[in-house]
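# coords below, sequence missing:
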């Protein structure tokens, strides 16, 4: 009986998610916002490909050779091909120096969305493109409990550590307990979006 219970759970967990269509606005766009908007949003987006504007994105969805997203054909879609490349490949998207690649679940979600026809309706991008008043991330000074300082960008809080990015694009986690009180406050403020 235990075997059948486990088998049923396994079957439900692998079949149930695919029974529902992937929604662009609630499932795909948040992934693109986190992983793609640094280069592909706003009027000066790379190669003119914008993932933050449904009307512009629709121009790159189709079955032509230069279309980035080919509805029903995730493995033929340039978006999937580039996002699936090894992180050390010079064509990998997002570029390693611009952020983490897509996780397997994120890539699977986008593949499923494309396989289902890459529909934007009912979920057009709602996040506006960055405005000219949006400031670029700033290099910040981080000080440890020994008084040593380091210049780096804030990436995120991860458990009991702060993830920082050096100017060369490399990221590392630093224990919050080893940061000065001011740097701990800075990390918490950055995580909340407070400058």
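Structure's in. What do you need? Bear in mind that the values here come from a model prediction, so they are computed numbers and not experimental data.
# going forward, measure contacts and count neighbours with C-alpha atoms only.
Will do.
# give me the low-pLDDT residue ranges for the protein?
Residues of the chain meeting the criterion pLDDT under 70: 1-19, 122-136, 194-195.
# Return the distance of the residue nearest the centre of it relative to residue 148.
Compute the mean C-alpha point of the chain, and by CA atoms, centre = their mean the closest residue is residue 35, 2.3 Å away. Residue 35 sits 32 Å away from residue 148, going by CA to CA, to the nearest Å.
# before we move on, the earlier item: pull the contacting residues for the residue nearest to the centre of the chain.
Counting by CA atoms under 8 Å, 6 or more residues apart in numbering, residue 35 touches 94, 99-102.
# Could you do residue 161 as well?
173-177.
# Please apply the same query to residue 118.
24, 61, 69-72 are the contacts of residue 118 under CA under 8 Å, 6+ apart.
# Kindly recompute the last result at 10 Å.
22-24, 28, 58, 61-62, 69-74, 110-112 (CA atoms under 10 Å, 6 or more residues apart in numbering).
# Can you classify it by secondary structure?
Following DSSP: H, G, I helix; E, B strand; the rest coil, the label given to residue 118 is coil.
# got it, and residue 27?
helix.
# any idea how far it is from residue 109?
Counting by CA to CA, the gap from residue 27 to residue 109 is 7 Å.
# Between those two, which is the more surrounded one?
residue 109 (20 against 15; other CA atoms under 10 Å).
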